[in-house]
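Enquirer: Pasting a predicted model and its sequence here:
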Amino acid sequence: MRAVLQRVNSGSVTVDNEVVAHIGLGYVILLGIGPDDTPAIARELAEKTAYLRVFEDDAGKMNRSLLDVNGEAIVVSQFTLYADTSHGRRPSFINAAKPELAEPLVEGFIARLRDFGIATQQGVFGAHMVVDIRNDGPVTILLELPQG
């Protein structure tokens with residue numbers, strides 16, 4: 001499972017000209033699911049996301065977590081995080097999980113963030129989305145479980 005965490009001042013997701021998600025301070029999370037991912041991996045990655053300290057403290061050090069700053073999150077399912085570009089010029093997506101596996105794992109990841117008390121919104125699974133990311137820093141972190 002791969003998550004690209006974008007620390008944002010604000011973010012939104014629009015589908016068919018309708019804003020379906022909007023947040024202030026927090027993360028826009030681009031989430032990719034691999035074929036071997038499990039609910040346990042989704043829970044572990046959500047916990048790491050909640051507690052990762054990349055928000056600044058009073059001294060300007062990245063010392064606060066999403067929980068510490070009472071931040072919000074938008075989760076956007078993104079199978080393209082599993083693109084294989086090793087051959088030719090057109091990416092292959094055979095390493096991405098099929099929708100019937102991916103969607104419940106995305107929902108499980110979101111549920112776990114909510115369990116921590118994080119106000120979490122989401123894009124629309126499988127839809128064409130316009131994602132507006134007002135990256136703060138910029139700070140962009142790639143998390144991957146299992147690591148390797």
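Expert: Structure received. Numbers count the residues shown, from 1 in each chain.

Enquirer: Need the residues that contact stretch 35-52.
Expert: Around stretch 35-52, the neighbours that count as contacts under Cβ atoms under 8 Å, 6 or more residues apart in numbering are 1, 3, 5, 27, 29, 65-67, 73, 95-98, 101, 104-106, 108-110, 112-113, 116, 118, 141, 143, 145-146. Using the backbone N, CA and C atoms, a C-beta is placed for each residue, glycine as well.

Enquirer: then it to CSV, C-alphas only?
Expert: C-alpha atoms of stretch 35-52 as CSV (Å, rounded to 0.1, in the frame of the first residue of the first chain):
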residue,chain,number,x,y,z
PRO,A,35,-2.7,-6.8,-5.0
ASP,A,36,-1.2,-8.2,-1.8
ASP,A,37,-2.5,-5.5,0.6
THR,A,38,-4.7,-6.5,3.5
PRO,A,39,-7.0,-4.8,6.0
ALA,A,40,-4.2,-5.0,8.6
ILE,A,41,-1.8,-3.1,6.3
ALA,A,42,-4.5,-0.4,5.7
ARG,A,43,-5.0,0.0,9.5
GLU,A,44,-1.2,0.2,10.1
LEU,A,45,-0.7,2.8,7.3
ALA,A,46,-3.6,4.9,8.7
GLU,A,47,-2.0,4.8,12.1
LYS,A,48,1.3,5.9,10.7
THR,A,49,-0.4,8.7,8.8
ALA,A,50,-2.2,9.9,11.9
TYR,A,51,0.9,10.0,14.1
LEU,A,52,3.5,11.1,11.5
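
Enquirer: quick one: buried residues of that stretch?
Expert: If you call a residue buried by 16 or more other Cβ atoms under 10 Å, then stretch 35-52 has these buried ones: 37, 41, 42, 43, 44, 45, 46, 49, 50, 52.

Enquirer: quick one: the third one is in a helix?
Expert: Going back to what we said before, that points to residue 42. Yes. Applying DSSP: H, G, I helix; E, B strand; the rest coil, one finds residue 42 inside a helix.

Enquirer: Tell me how far it lies from residue 26.
Expert: 19 Å (Cβ to Cβ, to the nearest Å).

Enquirer: Counting by contacts, list what the strand or helix carrying residue 137 packs against.
Expert: For residue 137, the enclosing helix or strand under DSSP states H and E is strand 130-144. Counting contacts by 3 or more Cβ pairs under 8 Å, 6 or more residues apart in numbering; DSSP states H and E, strand 130-144 packs against strand 2-15, strand 26-32, helix 39-51.
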